[in-house]
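1. No sequence on hand, only this structure:
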C-alpha cells in the first residue's frame, strides 16, 4: 500500500530530492536536518518515507486490522510533525510517502519507482558499534539495487556541525 501526497505540489519539475527514511531514532533527526539544509541551499526538496511494519498479531483479523489502522494514524501524525520541521529548515513542505511492509524492501522499491528522487540520506547510529541495519544492508549486498547516491551522515554531529557542512 502506498500513499503519496505533497501539500504544496508544484507544477514545475523538482530539483534535487533528498529522501529520508523516517523512524523514531535519534539519528533520523540528524539525517532530516542535514537533508533539509542541503535542500534549502540547492533549491531542492525533501521527501519523507515512513514504512509501517506489518503487525505480528494475525490470530483475529478484526484486531489485526484495528492495530494496523492505529499504527497508520500514529505514522500520519508523526510525519505531519516532521513535515513542519522540514518546512522550517528547507523552506518547502516535503513530499511524503507512507507504505506498509519491510522497510528495506519498500525503500528500494520507492527509489526505483520515483525517478525524481536524487539522493538517499541516512544517519549512522552514534550509540552502537554498527551504523544501523538499514545502512548495513544498503552498503552490503543491496548496494547494487540503489540507483541514487547514498549519503551517510555521522550520527554524532551537533546541529551546529550539520549546519556548517550543509
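-> Received it, and whenever you're ready, just let me know what you need. Here the structure is a predicted model, which means the values were calculated and not measured.

2. the helices in this protein, which residues?
-> In the chain, the helices defined using DSSP state H lie at 26-41, 61-90, 103-113, 133-138, 159-165.

3. For residue 120, which of those is the nearest?
-> With distances scored as CB to CB, the stretch of the helices of the chain nearest to residue 120 is helix 103-113 (6.7 Å). Where C-beta positions appear, they are placed from N, C-alpha and C, glycine not excepted.

4. helices and strands around the closest one, which ones?
-> Based on contacts counted as 3 or more CB pairs under 8 Å, 6 or more residues apart in numbering; DSSP states H and E, the elements that helix 103-113 packs against are strand 17-22, strand 45-52, strand 95-100, helix 133-138.

5. quick one on the thing from earlier: among the helices of the chain, where is the model least confident on average?
-> Here the lowest mean pLDDT among those goes to helix 61-90, at a mean of 85.

6. Output the helices and strands packed on helix 103-113 as a markdown table; include the columns distance to residue 161 and mean neighbour count.
-> Converted to a markdown table, the helices and strands packed on helix 103-113 look like this (distance: least, CB to CB, whole Å; neighbours: other CB atoms under 10 Å):
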| stretch | distance to residue 161 | mean neighbour count |
| --- | --- | --- |
| strand 17-22 | 18 | 24 |
| strand 45-52 | 19 | 24 |
| strand 95-100 | 27 | 21 |
| helix 133-138 | 19 | 17 |
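
7. For stretch 82-98, what is the distance to the chain centroid?
-> With CA atoms, centre = their mean, to the nearest Å as the basis, stretch 82-98 stands 11 Å off its chain's centre.

8. Can you tell me how far the most centrally placed residue in the chain is from residue 66?
-> Against the mean C-alpha coordinate of the chain, by CA atoms, centre = their mean, the closest residue is residue 21 at 2.1 Å. Using CB to CB, to the nearest Å, one obtains 26 Å as the distance from residue 21 to residue 66.

9. what number of residues lie near the residue nearest to residue 124 when sequence neighbours are not counted?
-> The shortest distance from residue 124 to any non-neighbouring residue, by CB to CB, 6 or more residues apart in numbering, is to residue 131 (3.8 Å). Burial measure for residue 131: 19 neighbouring residues, criterion other CB atoms under 10 Å.
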